[in-house]
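Colleague: A predicted structure for the sequence below; I have some questions about it.
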Amino acid sequence: MYICFVEYRIAPEAEAQYRAWIADQRAEGPGFALYEGTDQPLLFVEVWDADSLEAAENVKKERCGERSSWRRMADWVPGGAAKIHAWTFKPVTDGRAERRSS
């Protein structure tokens, strides 16, 4: 199991529009959870489950791609798409992260 995290801040003036839009997006994707910062309101983290590294990387590409249907939300992020950050995480077993083969 791998996880893709996507992190961004929504501008206060776009909050209502974002929340309405993200409700539709959430309904479409299994393995998707959305969190909002308790210490930093309007800071969001999406958590996407993936069965493999390749699947997690595909989520990241889709979320941050120029032609993605998710691209619309970049208008609500101060600084635009450059301020939407995505990372892939792999499981840790026996105290060591699984190594990616070269």
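Modeller: Thanks, I have the structure now.

Colleague: what sits against the nearest residue to A50 once chain neighbours are set aside?
Modeller: Sequence neighbours aside, A56 is the residue nearest to A50 in space, at 3.7 Å (criterion: Cβ to Cβ, 6 or more residues apart in numbering). Glycine gets a C-beta too; all of them are placed from N, C-alpha and C. Contacts of A56 were listed using Cβ atoms under 8 Å, 6 or more residues apart in numbering, and they are Y2, I3, C4, W48, A50, T88, F89.

Colleague: Can you show me the strands along this protein?
Modeller: Assigned strands in the chain, in chain order: 2-9, 32-36, 43-50, 85-89, 92-93, 96-97 (criterion: DSSP state E).

Colleague: so can I have CSV of these showing mean pLDDT?
Modeller: Shown next, in CSV, are the strands of the chain (pLDDT from 0 to 100):
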stretch, mean pLDDT
strand 2-9, 95
strand 32-36, 94
strand 43-50, 95
strand 85-89, 94
strand 92-93, 84
strand 96-97, 59
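
Colleague: could I get those strands as a markdown table with mean neighbour count?
Modeller: As requested, the strands of the chain are exported to a markdown table (neighbours: other Cβ atoms under 10 Å):
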| stretch | mean neighbour count |
| --- | --- |
| strand 2-9 | 19 |
| strand 32-36 | 13 |
| strand 43-50 | 18 |
| strand 85-89 | 14 |
| strand 92-93 | 8 |
| strand 96-97 | 9 |
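
Colleague: List the buried residues of the longest helix belonging to the chain.
Modeller: Ranked by residue count, the top helix of the chain under DSSP state H comes out as helix 15-28. Neighbour counts using 16 or more other Cβ atoms under 10 Å place Y18, I22 of helix 15-28 among the buried residues.

Colleague: low pLDDT regions in this protein?
Modeller: Where the chain drops to pLDDT under 70, the residues are 27-29, 94-102.

Colleague: rerun at 90
Modeller: 1, 23-32, 59, 61-72, 91-102 (pLDDT under 90).
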